[in-house]
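In: Please find the sequence and the predicted model below.
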Amino acid sequence: MSSNGKMIRKKDLTFWQRLYIPEILKGMRLTIAQMFRRKFTYNYPEERFSPPAPFRGRPVLVEENGVERCVACGLCSRVCPALAIEVQAAETPLEKERYPVKFEINMVRCIFCGFCEEVCPEEAIVMSQEYELVFGSQDEAVFGKDKLLVPAEKLHDRLEFLRQHR
Amino acid sequence: MPFWITLIQIAVVIGVLLFSVMQIAYIERRISAFIQNRVGPNRTGPYGLLQMPADVVKLLLKEDIVPKNATKSLHDLAPIISIAVALSTFAVIPFGDSIELFGYQIRLLIADVNVGILFLLAITSLGVYGITLAGWSSNNKYSLLGGLRSSAQLISYELSMGLSIIGVLMIAETLRLDQIVQKQATYLGGWLPAWNIFLQPVAFVIFLVSAFAETNRLPFDLPEAEPELVAGYHTEYTGLKFGLFMLAEYANMVTACAVTTTLFLGGWHFPYIEYLGLSPIAESLLKVAAFCIKVAFMVFFFIVVRWTIPRFRYDQLMNLGWKVLLPLSLANVLVTGFVILLFS
């Protein structure tokens, strides 16, 4: 196949193409040109990848004015295909009337599909840009509210992205 | 020249060779990484230069496993043959002109064999025993296939390699590598270095292609074609013995580059050095440097070719060897003979 997608038969080759050597030199020019291109990989612990807004990192709960937006409707735990989310609701004197007394995501089970974010009526659970998830044990991998709550300002990029594309 | 000087030369050459072979493995990893838009090993030491020493230490500390049904004696012998052959070819390669040190006139060449090229060809063809025995003694079908492929490949490419050299020999009228270089250290028409690459371009291409096949480098690395044969002949090797095979592979590459340099790129000849008016010692050292630079360039060429051309199919390999390179090298000998007859 040539670069324009046309099939080239062996009998259609020109003399210089049949000779093979000029074609090899052409290929080597391409290979050497690649050496001076920008590198795709990062020197990981020193340089880190900062993902764009569409990136689906670990799911977090949005915290506004010190309180989570979540009203503990349980839709996220219902839709979660990996059964990673557990919500327990309770009453609160605040305007929203309900709040999750317990909100746990098992990060070993989470498959980062983003269904919880899609289904959430309050925009209370969103996928963040954090991707460095390391656990020493199964228990450590269950994230409670203490780890899940993230102030809304930090999630600005993602919230903005959702506003535009949902 | 006293005996002890030769001993020192051997020590220096082996030391430099082993060190450079080790670092060439690093350079190859780094260059291949750059070609693939990666960074490559850069963690161990400055710029990752200590990566290969670390790998060698790792290989030394690994357990040596011999498969249950393998023939242990042959299994042990194979890597030794490979490395011995790879290192001993360097004995006849002149890496510089003579140099005067402490009142001795030292020729920068370990053994001045009067049939230098024949010695070279003979020794390199012994290398096939290492690979074939490794494949055969491992008692593993993939190893055996790798060994068989390599023996067939080396035998068919040795032929065109030898025939391509004949053109060079006809011009040089000698088998001594030393004198072949000396012959190239002149000028054609007063300005172009009389390197054999200009006099014998076809032979150069044939020799180069055969050298790739002889060193089992891509595009001719069928004996260890990973997708088909796991790792080919050294599938069943671990630790130090595996390390010896890798070392032999890279040493073979350096030797092939050195031979190409000697035969076709003018060896240690540094063009126009006699017009610079340097002291004799500086001139000799520059000539050694010229040899090293030429070899380094060839090694770079080998590495770039590896990442440019995909592996040949086995029938294509045999077709190229027997139907293209062999007739071409015969024709080259014929034409060279006619030209020499007409112009002398």
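Out: Everything's here; your move.
In: what helix or strand does the most centrally placed residue in chain B sit in?
Out: The centre of chain B sits closest to B:A256, judged by Cα atoms, centre = their mean, with a distance of 1.9 Å. Element membership for B:A256 (DSSP states H and E) is helix B:239-264.
In: just B:L154 next, same as before
Out: In this structure, B:L154 sits in helix B:141-172 according to DSSP H and E.
In: ok, and for the helix or strand following that helix, which residues are buried?
Out: Per DSSP H and E, the first helix or strand lying C-terminal to helix B:141-172 is helix B:177-184. Neighbour-count burial for helix B:177-184 flags B:L177, B:D178, B:Q179, B:I180, B:V181, B:Q182, B:K183, B:Q184 (criterion: 16 or more other Cβ atoms under 10 Å in any protein chain shown). C-beta: built from backbone N, CA, C; applies to glycine.
In: Kindly reformat the residues you listed as CSV containing distance to A:C73 and pLDDT.
Out: CSV is the format used below for those (distance: Cβ to Cβ, whole Å; pLDDT from 0 to 100):
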residue, distance to A:C73, pLDDT
B:L177, 85, 83
B:D178, 89, 82
B:Q179, 92, 82
B:I180, 87, 84
B:V181, 86, 83
B:Q182, 91, 81
B:K183, 90, 81
B:Q184, 86, 82
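In: which among these gets closest to A:Q17?
Out: Nearest to A:Q17 among the buried residues of helix B:177-184, counting by Cβ to Cβ, is B:Q184 at 32.8 Å.
In: Surely the closest one and B:F270 touch.
Out: No - applying Cβ atoms under 8 Å as the test, B:Q184 and B:F270 come out as separate, 11.6 Å apart.
In: Can you tell me how far the residue nearest to the centre of chain B is from A:Q88?
Out: The gap separating B:A256 from A:Q88 is 72 Å, by Cβ to Cβ, to the nearest Å.
In: circling back: quick one: the residue nearest to the centre of chain B and B:S210 touch, right?
Out: No - between B:A256 and B:S210 no contact is recorded; they are 9.3 Å apart, counting by Cβ under 8 Å.
In: In chain B, where is pLDDT below threshold?
Out: Filtered on pLDDT under 70, chain B yields the residue ranges B:1, B:223, B:225-226.
In: tell me the contacts of B:L247?
Out: B:L18, B:V21, B:M22, B:I83, B:A86 (Cβ atoms under 8 Å, 6 or more residues apart in numbering or on different chains).
In: Now do the residue nearest to B:G337 when sequence neighbours are not counted against B:A203, distance only.
Out: Closest residue to B:G337 apart from its sequence neighbours, by Cβ to Cβ, 6 or more residues apart in numbering or on different chains: B:M170 at 6.6 Å. Separation of B:M170 from B:A203 (Cβ to Cβ): 10 Å.
In: Between the two, point out the one with more neighbours.
Out: Legend: neighbour count by other Cβ atoms under 10 Å in any protein chain shown for B:M170 and B:A203, higher for B:A203 (28 against 16).
In: Run through the residues that contact the more buried one.
Out: Contact partners of B:A203, counting by Cβ under 8 Å, 6+ apart, are B:S164, B:I165, B:G167, B:V168, B:N196, B:F264, B:S329, B:N332, B:T336.
In: In three-state terms, how would it be classified?
Out: helix (DSSP: H, G, I helix; E, B strand; the rest coil).
In: neighbouring contacts of the longest strand along chain A?
Out: What stands out as the longest strand in chain A, according to DSSP state E, is strand A:98-106. Contacts with strand A:98-106, where a contact means Cβ under 8 Å, 6+ apart, come from A:59, A:61, A:67-68, A:70-73, A:84-92, A:141-145, A:148.
In: Show me the helices in chain A, by range?
Out: Counting by DSSP state H, chain A has these helices, from start to end: A:15-19, A:21-35, A:75-79, A:115-119, A:145-148, A:156-165.
In: right, and those helices - which one's nearest chain B?
Out: helix A:21-35 (4.3 Å; Cβ to the nearest Cβ).
In: residues in contact with that closest one?
Out: Applying Cβ under 8 Å, 6+ apart, the contact partners of helix A:21-35 are A:16-17, B:31, B:34-37, B:205, B:304-305, B:307-309.
In: Dump those into CSV; add secondary structure and distance to B:F220 as well.
Out: Putting those into CSV (DSSP: H, G, I helix; E, B strand; the rest coil; distance: Cβ to Cβ, whole Å) gives the following:
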residue, secondary structure, distance to B:F220
A:W16, helix, 23
A:Q17, helix, 21
B:I31, helix, 19
B:F34, helix, 23
B:I35, helix, 19
B:Q36, coil, 21
B:N37, coil, 26
B:V205, helix, 15
B:V304, helix, 15
B:V305, helix, 10
B:W307, coil, 14
B:T308, coil, 13
B:I309, coil, 9
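In: Identify, from those residues, the entry nearest to A:R163.
Out: Nearest to A:R163 among the contacts of helix A:21-35, counting by Cβ to Cβ, is B:N37 at 35.3 Å.
In: quick one, phi psi at that closest one?
Out: According to degrees, to the nearest 10, the main-chain angles of B:N37 amount to phi 60, psi 30.
In: And for B:H269?
Out: The phi/psi pair for B:H269 (degrees, to the nearest 10) is phi -70, psi 120.
In: Please list the residues of chain A that sit near chain B.
Out: Proximity of chain A to chain B, by Cβ under 8 Å from any Cβ of the partner chain, involves residues A:21, A:24, A:27-28, A:30-32, A:34-35, A:37-41, A:43.
In: quick one: least confident of those residues?
Out: Confidence by pLDDT is poorest for A:I21 among these, given 82.
In: That one: neighbour count?
Out: By other Cβ under 10 Å, the residues close to A:I21 number 10.
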